[in-house]
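Student: Sequence and predicted structure are below.
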Amino acid sequence: MFFDFGAGEIIGLALLAMILLGPDKLPQFALDAAKFVKKIRSFATTATNELKENLGPGFEDLQPSDLRPKTFIKKQISNVLDEDEIRSKKSSSKIDPDLL
């Protein structure tokens, strides 16, 4: 999650909203806010899925947090290094004479 709210902050925000909006407009505001959050989530999901399709194979596990340049580059470099280590282990494996 992006926000780290405790119970005290949530109660404070609810009281502030009640004072600013009033009890008669608060339910409609809550519905509008929930619809807005739902639209933003669907937009983010759609954008992520389109990116996965356009980037091609190797990006099936792409997450929105991976789109930060530093995170993206670190992940790609670690994948390449892991593949190189696997290749080097396969090519340098030798039979231990004690096992024969």
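Tutor: Arrived safely, thanks for sending.

Student: Grab the longest helix from the chain for me.
Tutor: Criterion DSSP state H: the longest helix present in the chain is helix 26-55.

Student: and it, average pLDDT?
Tutor: Mean pLDDT, computed over helix 26-55, is 88.

Student: and it, how far from the chain's centre?
Tutor: With C-alpha atoms, centre = their mean, to the nearest Å as the basis, helix 26-55 stands 14 Å off its chain's centre.

Student: How is the chain partitioned into domains?
Tutor: Following automatic domain parsing, one finds the domains of the chain at 1-60, 63-93.

Student: export those to CSV and tack on mean neighbour count?
Tutor: C-beta coordinates here come from the backbone N, C-alpha and C atoms, glycine included. Shown next, in CSV, are those (neighbours: other C-beta atoms under 10 Å):
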stretch, mean neighbour count
domain 1-60, 10
domain 63-93, 10
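
Student: how about residue 23, phi and psi?
Tutor: phi -70, psi -20 (degrees, to the nearest 10).
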